[in-house]
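Colleague: Below are the sequence and a predicted model; questions follow.
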Amino acid sequence: MRKCVRCGGDMKENCAIKVEGAGYGIVMSNNENKLFGGRMGHPKVAVCPECGEVSLYIEDVEKLK
């Protein structure tokens with residue numbers, strides 16, 4: 001369970017980011033110069049129901065190494 005960095009509350013995990021007006025979504029990459037290479041996956045979102053803090057994270061941190 002993720003803890004909120006702002007208030008210490010339990011965050012609701014496995015939320016997603018949706019881009020209004022476009023169906024492309026967001027993909028995180030470790031190399032901004034490659035169009036399709038270096039992809040780390042889609043970001044996940046955690047939201048704190050107490051204060052509204054939003055946190056982005058990726059599940060597979062092995063792709064960072």
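Modeller: Good, I have the coordinates.
Colleague: okay, CA-based contacts and neighbour counts for the rest of this
Modeller: Will do.
Colleague: what stretches of this protein score poorly on pLDDT?
Modeller: Counting by pLDDT under 70, the low-confidence segments of the chain come to 22-23, 35-37.
Colleague: and if we set it to 50?
Modeller: Judged against pLDDT under 50, the chain has no low-scoring part.
Colleague: And the strands in it?
Modeller: Remark: strands assigned in the chain by DSSP state E are 12-15, 28-29, 39-41, 44-47, 54-57.
Colleague: Next, the distance between the ends of stretch 5-14.
Modeller: Length of stretch 5-14, first residue to last, C-alpha to C-alpha, to the nearest Å: 17 Å.
Colleague: Need the winner for burial among the strands of the chain.
Modeller: With neighbours defined as mean count of other C-alpha atoms under 10 Å, these peak in mean count at strand 44-47, which reaches a mean of 19.
Colleague: what lines up beside that one in the sheet?
Modeller: strand 12-15 (antiparallel), strand 54-57 (antiparallel) (DSSP bridges).
Colleague: export that strand as CSV, just CAs?
Modeller: The C-alpha trace of strand 44-47 is given here as CSV (Å, rounded to 0.1, in the frame of the first residue of the first chain):
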residue,chain,number,x,y,z
LYS,A,44,0.0,4.0,-13.0
VAL,A,45,-1.6,6.5,-10.7
ALA,A,46,-2.2,6.5,-6.9
VAL,A,47,-4.6,9.1,-5.4
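Colleague: Of the strands paired with strand 44-47, which is nearest Ser29?
Modeller: strand 54-57 (12.7 Å; C-alpha to C-alpha).
Colleague: Residues touching the closest one, excluding its own?
Modeller: With C-alpha atoms under 8 Å, 6 or more residues apart in numbering as the test, strand 54-57 has contacts from 43-48.
Colleague: Reformat these into TSV and put distance to Val19 next to each item.
Modeller: Formatted as TSV, the contacts of strand 54-57 follow (distance: C-alpha to C-alpha, whole Å):
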residue	distance to Val19
Pro43	13
Lys44	14
Val45	13
Ala46	17
Val47	17
Cys48	20
